[in-house]
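Chemist: Got a predicted structure here, sequence first:
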Amino acid sequence: LTLFLGLFAVLASGTVASTTKGSVPLQTSTFDKIVPKFKVTLVKFDVTYPYGEKHDEFVKVAEESQNTPDFLVAEVGVQDYGDKENMDLAERYGVKKEQFPVLKLFLSGQDEPVLYEGEFKADDIKAFVKKHSGIKLQLKHCLSEFDQLASQFMAAEGASSQEALLAEAKKLQGSLEKEADKKSADVYVKMMQKVLERGKAFVKSEAERVKNIRNGKITSTKKEELQGRLNIISSFVRDEL
C-alpha cells in the first residue's frame, strides 16, 4: 500500500499525456523514483500522444499484464519541440525520435536495459519479457503446467531425463477435458518429441519457420493459430536461443 501511495504522489506531480490502462506514465523527474521499485519494468519511449497499430499492441500488453506481480509497464512521452519534455531521458538510454516507438526492458540488478528488437506484436513482446525476466506472463494458448514442464525439459541433461518429462506431459495431456487445452497440449508434446529427435536447436528453427508462415499472406484465423503455436514454442526458449 505504501508503494502505491508513493507512486500516486509521484505521478500526480507532473503532467501526463498517456491514459493507457495498465501502464504508468513516467517523466525525467519520476523515472528513477519508480523503476527501481520493480523487479522488471517494460518501458515504451514514444511521442507524447501515441497512436497506430504498434501502440495498440503495446496497449494489449499493458492491459493483459496489469495484475502481474513485480512487473511494471510504463511509457515515456518524448517531445522534440518546445520544452523538449523527457528528451534528456530518451538520450540517456540512446533512444532517437526516428526510432519511436522503442521498448526497453529494465531488470533489477542490471545496469543496462534490454532492447526489444522483435515485431511489435503483443504476444511477441510478452514472450520477450518472459524470456529475459522469468516473469510468468500468460500467453494465449499456453498452459501453465505445460510451461513448467517445457522449461524443465529444456534444462534437463540427457535423453532419459527428457523422456521422463515427456511421459509426464503425455499423462497430463490425457487428463485434460477442454478441446482447446487438448490441442495446446498436443503442441507441447510434439515439440518435446522433436527436440528429443533433433536436439534443442530445433526450437529456434521451428520458431523461425512458424514466424515466416505467420507473416505471409494467410487468413486471420490461421495467423491466430500460428501465433498460439509461437507462444507455446516460447515456453521452450532458453538462453541458447
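Modeler: That came through fine.
Chemist: Point out where this structure drops to low pLDDT.
Modeler: For the chain, applying pLDDT under 70 flags the ranges 1-18, 238-241.
Chemist: now the most centrally placed residue in the chain: how far from F202?
Modeler: In the chain, the residue lying closest to the centroid (Cα atoms, centre = their mean) is K126, at 1.6 Å. Distance, K126 to F202, using Cβ to Cβ, to the nearest Å: 23 Å. Glycine gets a C-beta too; all of them are placed from N, C-alpha and C.
Chemist: follow-up on the earlier one: from M154, how far off is the residue nearest to the centre of the chain?
Modeler: In this view, K126 and M154 are 19 Å apart by Cβ to Cβ.
Chemist: Ok, I233 next?
Modeler: Distance, I233 to M154, using Cβ to Cβ: 11 Å.
Chemist: Mutual contacts of the two, please.
Modeler: Residues touching both I233 and M154 by Cβ atoms under 8 Å, 6 or more residues apart in numbering: V203.
Chemist: Give the helix, strand or coil label for the residue lying farthest from the centre of the chain.
Modeler: Within the chain, the residue lying farthest from the chain centre (Cα atoms, centre = their mean) is G82, at 34.1 Å. Under DSSP: H, G, I helix; E, B strand; the rest coil, the three-state class of G82 is coil.
Chemist: can you list the domains in the protein?
Modeler: 2-133, 144-234 (automatic domain parsing).
Chemist: thinking again about what came up before, so how far is D88 from the residue farthest from the centre of the chain?
Modeler: G82 sits at a distance of 14 Å from D88 (criterion: Cβ to Cβ).
Chemist: Ok, L137 next?
Modeler: To D88, L137 is 31 Å away according to Cβ to Cβ.
Chemist: Between the two, which is the more surrounded one?
Modeler: Comparing L137 with D88 by neighbour count (other Cβ atoms under 10 Å), the higher total belongs to L137, at 20 against 10.
Chemist: so what's the more buried one up against?
Modeler: Applying Cβ under 8 Å, 6+ apart, we find L137 in contact with 64-65, 68, 71, 126, 129-130.
Chemist: What about these, which are in strands?
Modeler: F71 (DSSP state E).
Chemist: What subset of the contacts of L137 is buried?
Modeler: For the contacts of L137, a burial check counting by 16 or more other Cβ atoms under 10 Å picks out 64-65, 68, 71, 126, 129-130.
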